[in-house]
Structure formats: structure tokens, C-alpha cells
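[1] I'll drop the sequence and a predicted model, then ask my questions.
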Amino acid sequence: MKSDFFALTRRQAVACTTALLTAALLAVSAGPAQAQARKDAVVLGMILEPTSLDPTMAPAAAIGEVVHYNILEGLTRINVDGSVGPLLAESWTMDADGKAFTFKLRKGVKFHDGADFDASAVKFSFERAKGEKSTNKAKAAVFNNISHIATPDAHTVVIVLDKPDGNFLFRMGENTAVILHPRSADSAATKPVGTGPYTLQNWAKGSAITLTKWDGFRDAGKVKIKRVTFRFINDPAAQVAALLAGDIDGMPRFGAFQSLKQFQTDKRFVVESGSTAGKGIMTINNKRKPFDDVRVRRALSHAIDRKAFIDGVYEGLAKPIGSHMAPTDAGYVDLTGLYPHDPEKAKALLREAGVQTPLNVTLTLPPPPYARKGGEILAAQLAKVGINAKIENVEWAQWLGGTFKGNFDLTVINHVEPLDYMAYTNPQYYWGYDSKAFRDLAAKHSSTTDRKERTKLFGDLQRMIANDAVNVFIFNPSNVAVYRSGLKGVWSSSPIFANDAAALQWQ
């Protein structure tokens, strides 16, 4: 490690070493690994446990890791390379003005209870997502833009938008647009009923979720894995121990980056690295003083050393970002040079804003390792410019119920949803950014059909977010998957947060 604040505490180091030694002994003495004892079953590790199983009403990305493509499906499918293909819709056409989409639905598709999937289920799901009581995180960006939905017949859906949306087909492949069973949608949080290849067998809260293959699936013969279990392991040392002991077969989004070399040299495992749509940020509560002053927010941006964060947390396996876009986004603009690491500039901006130092703030950290370890790095950097950040570690449910509701000063989070910049048009979103200029610019971008003009406006959107220093934009993480040799079909990249269990098989 390169400096003191990168290092684990002595207690953490001892615990980590003990866990690794125990796991190594178990791996040697236990014989064949228990997770892969059956060739028709897979156990995967996840960092966070979802708080619900309905991605159309709850915001946690972990929901999609369990249910998307497995239990619940949408009209389109986002592939591992980010391309869009058919799923419940077998084909579609778009009118010349970019406002009307006609989807032809697959025939013979059933819900898990045997009911027919048809156009009425699509209409119901999207009207529910747009409804007054909807808490769908894509409501403002996607569903409020739907003018009306027509169903000329049972297998045709026509969706008319208020304004053209060049990303609409991609949006239809996100977990916020999955199709729910009209008769059971209200209980989808705990008992989701969909059209996918798996059904919910058991949810052992705090431990694991198990899905079982549904024999009524339209392509059941192609599904090789009969049972998939998702175990929740947010501690990096425990992730390593579980893999070595054979308690899990893979970790599609591995978090113990300091242990990667150990797995890269172990022939029992495969290590793959790919891209993500993630935007790792230190979120600023723009509604709280003194953060309502752009000079203070810019001071925070100058106080943070992105490279030190990326090296200390991700072992270099991330890219620096300067706005709320990922380098994989078409039209991405590199704005990392706008706020170079400059503690003296940060101090000067704080003085200019009339801030008395030391400034005491709270830095709220959810469970993921990038937040807990990264938060210590950020607190040390902030201290050098006169900001004392008191660290408050919270569980995921607490973060969603408090921080995500606007009850915080600063926090650290990786926004994994692709192209989610429209969140900046919502003054009620948890960071509290309220800019009519940005809303007007976003509306202009949405309504523009000329490709060259859209690209220009997309760049302007990125620049405005950065100039207003809404948040401190830090990293775009690589996706690192570690899994047992012989397991095929694990996604190497994460254009969305999903685990396509039907694509898995043992060889």
C-alpha cells in the first residue's frame, strides 16, 4: 500500500489473514467443493442483498442481479456487449418522427401461474410505472414521457412518446421496464410472478435467495441449470474465503481486488475483467449549507485525488471520470481535467465562500467495499483542506431509507444504471440538484433527432453537471468476475446489473 490511510487496521488485517488461512485449509481438506457438487446447480456470490424483488418499484440494483432475465423479463434484452435484442418482443418498428414504437410480442409465452402473456400485461405494467403512486426510478426519465399505449390485438403494443427518445429500446431492456403479472404485481416485492426461466424457491433473509428452473418456460430445454442460489457476501475477505472453500462457484462482481493475483494464478478459477456503466461518486447534498454554494462543491472536487482513490480501492482497475457519464457511453466527454487534485485551490475556494475551517461534516458509507474503504481515503483527503468528515457506516436498508431520501451531508455510491443522467432533472432526487437550465437543456436534447446536434447537446449536458460540481465524480469501475473453471456463461462485463442464469452451464 502506498500510504497509511490505504492500509487496513491491525484488527482487520488479522481477521482477513485468519479468514484466508481457514479457507485455504478447508479447500485442501474438504475434497470436492460443495457448491459445484451438482452439475445442474450454481451458487453465486453477491455483494448486497436486495431489499425487494420488484425492480419496478424499488431502486436497488441488487434486485436486478436476482430477478432480471431469471424471473422477470422485458420487451427487449440488453446483451453483455451493450447491444439491444428481442426478448418478449420478437420485433419492432419506429415511426419516422421517433415518437411511436410498434412492438410485436412473442406468441405462446406464459406467466409462471399459467396465464397468457399478452399486450394487456405490457400496457398494465407501463401504466403502473407511470402512475401517481409509482416509485419506479425510471418514472421521470422514461415512463412520464409515454403519451399513450395502444393494444390493437393481443400480440401488438404501440407506445407513443411525448418526445423522441433515442435510448428508448435500451430503456425497454432495463429492469425498470420488466413486465409484471397484472393479478400479482402488488406482491412482486416478495413473490414475483413473471415469464422468465426461473421461479422463486426461497428467500432466507440475510443469507441467500434460491431460484428453481420453471419447466413451463418457452425454451426450457436450453436451460441447463436447475437451481441457482445467490449468497450475500459484502466483506472482501469473506468473498475470498467462500470461493476458496467452494461455498460459492463464482462472484460475478468480485470486490476483493487485493486478492486477484491469488485467483489469477490458481488453475481452479477463471478471472475476467470487463467494462461497466458505473459512475462512482462522492454525492453532495446540494440542499444543505454550505454545499448549496457551488464554490464549496468545487472545493470538494479539487480536494479529492481520483488516482489515489482508484489505486487504493480498485488496485488501478477503474477509470477516472469528471461527470456523470461512463467512458463506455457514446458521446462521452473526458472532463477529469476540470478539477485537478489541488488542495490549495480547494482551501482558497472555501475561504472565498466564507467557510470557517475546520468544517465538520458527516460522510455516510453503505456496505460495499468501495464505499467503506474508499470513504477512509476520501476522509483523509478532505482533512487536508480543513474538512473533518466523520464517517458513519450504515447498512444498505438504512442507506436506502435515510441517505437516499436526502438525509445526509456526503456519501459514496456507485451509480450502476446506464445513461441515468436524467436523474439530474429531478429536484427531488436525493442529491437535491435544482437547475432549470439543465432541465431545459435535457429537454432540448431529448427532442432533437439530428444525430450531430444530439451529440453536441449530450456533451453540453455533461459539462453543465461538471461545471455545477453537483457531485464529486471519481471512478468508473471495471467489472471483475471470478468463478470456478468449467462454469460457462458468466458475464465478463456489466452493461446492466444482471446475472443471466439461463446462460450458465457446467462443462
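    Right, received. Where do you want to start?
[2] Dead centre of the protein: give me the residue that sits there.
    The centroid of the chain falls nearest to Val416 when counting by CA atoms, centre = their mean (2.9 Å).
[3] Show the contacting residues for that one.
    Contact analysis of Val416 by CB atoms under 8 Å, 6 or more residues apart in numbering lists 61, 276-278, 494, 496-497. Yep, even glycine has a C-beta here, placed from its N, CA and C like the rest.
[4] Switch those over to TSV; also include pLDDT and neighbour count.
    Converted to TSV, the contacts of Val416 look like this (pLDDT from 0 to 100; neighbours: other CB atoms under 10 Å):
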residue	pLDDT	neighbour count
Ala61	94	22
Thr276	97	24
Ala277	96	23
Gly278	97	26
Ser494	94	26
Ile496	95	25
Phe497	94	27
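[5] if we can go back for a sec, any idea of the pLDDT on the residue nearest to the centre of the chain?
    You'll see Val416 listed with a pLDDT of 95.
[6] Mind checking which of the contacts of Val416 are in strands?
    Among the contacts of Val416, the subset assigned to strands under DSSP state E is empty.
[7] would a markdown table of those residues with distance to Pro369 be doable?
    Below are these laid out as a markdown table (distance: CB to CB, whole Å):
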| residue | distance to Pro369 |
| --- | --- |
| Ala61 | 15 |
| Thr276 | 15 |
| Ala277 | 19 |
| Gly278 | 14 |
| Ser494 | 16 |
| Ile496 | 21 |
| Phe497 | 16 |
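[8] ok, the residues you listed vs Leu48, which is closest?
    Set against Leu48, the nearest of the contacts of Val416 by CB to CB is Ala61 (8.0 Å).
[9] Any figure for the gap between the nearest residue to the closest one once chain neighbours are set aside and Ser52?
    In space, and not counting its chain neighbours, Ala61 is closest to Phe497: 4.2 Å by CB to CB, 6 or more residues apart in numbering. To Ser52, Phe497 is 14 Å away according to CB to CB, to the nearest Å.
[10] how about the strands in the stretch 151-300 of the chain?
    156-161, 198-204, 208-213, 227-232, 250-251, 269-274, 279-284 (DSSP state E, counting those that start in this stretch).
[11] Distance to Val122, mean neighbour count and mean pLDDT for the ones you listed - can I get that in TSV?
    Shown next, in TSV, are the strands of the stretch 151-300 of the chain (distance: least, CB to CB, whole Å; neighbours: other CB atoms under 10 Å; pLDDT from 0 to 100):
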stretch	distance to Val122	mean neighbour count	mean pLDDT
strand 156-161	5	19	98
strand 198-204	21	17	98
strand 208-213	24	20	98
strand 227-232	27	21	98
strand 250-251	33	24	98
strand 269-274	31	16	97
strand 279-284	30	24	98
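[12] For Ala220, find the nearest of those strands.
    strand 208-213 (7.2 Å).
[13] Now do the closest one: distance to the chain's middle.
    How far strand 208-213 lies from its chain's middle: 21 Å, per CA atoms, centre = their mean, to the nearest Å.
[14] likewise stretch 170-182?
    Stretch 170-182 sits 16 Å away from the centroid of its parent chain (CA atoms, centre = their mean).
[15] Over that stretch, what's the mean pLDDT, rounded is fine.
    97.
[16] Report the separation between the two terminal residues of it.
    With CA to CA, to the nearest Å as the measure, stretch 170-182 spans 23 Å from end to end.
[17] in that stretch, what's buried?
    By neighbour count with 16 or more other CB atoms under 10 Å, stretch 170-182 contains the buried residues 170-182.
[18] export these to TSV and tack on distance to Lys224?
    Shown next, in TSV, are these (distance: CB to CB, whole Å):
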residue	distance to Lys224
Phe170	28
Arg171	30
Met172	27
Gly173	23
Glu174	26
Asn175	23
Thr176	29
Ala177	27
Val178	23
Ile179	25
Leu180	27
His181	26
Pro182	31
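[19] quick one: which of the residues you listed sit in helices?
    Within the buried residues of stretch 170-182, residues falling in helices by DSSP state H are 170-171.
[20] was I right about Val67 contacting Pro55?
    Yes: the pair Val67 / Pro55 is scored as a contact, 6.4 Å apart, by CB atoms under 8 Å.
[21] between these two, what contacts are shared?
    175, 178.
[22] All the helices of the stretch 101-250 of the chain, residue numbers only.
    119-130, 168-171, 236-245 (DSSP state H, counting those that start in this stretch).
[23] check contacts around Tyr69.
    For Tyr69, counting by CB under 8 Å, 6+ apart, the contacting residues are 77, 196, 498-502.
[24] now, which of these lie within strands?
    Arg77.
[25] Point me to the helix or strand that includes Glu453.
    Using DSSP states H and E, Glu453 sits in helix 451-467.
[26] Then Asn388?
    Counting by DSSP H and E, Asn388 is found in strand 387-393.
[27] Pull the distance from that strand to the chain's centre.
    The answer for strand 387-393 is 25 Å, by CA atoms, centre = their mean.
[28] what's the answer for stretch 267-285, then?
    Centre-to-centre, stretch 267-285 and its host chain are 10 Å apart (CA atoms, centre = their mean).
[29] cool, and stretch 103-117?
    28 Å.
[30] mean confidence score for that stretch?
    Stretch 103-117 carries an average pLDDT of 98.
[31] Which positions in it come out as buried?
    By neighbour count with 16+ other CB under 10 Å, stretch 103-117 contains the buried residues 103-106, 109, 111-112, 117.
[32] Quick check: the farthest pair among those?
    Lys104 and His112 (23.0 Å).
[33] Out of the helices of the stretch 101-250 of the chain, which one sits most buried?
    Most buried of the helices of the stretch 101-250 of the chain by mean neighbour count (mean count of other CB atoms under 10 Å) is helix 236-245; its value is a mean of 24.
[34] Specify the angle between it and strand 227-232 in degrees.
    With axes from the mean of the first three to the mean of the last three CA atoms, to 10 degrees defining the directions, helix 236-245 sits at 150 degrees from strand 227-232.
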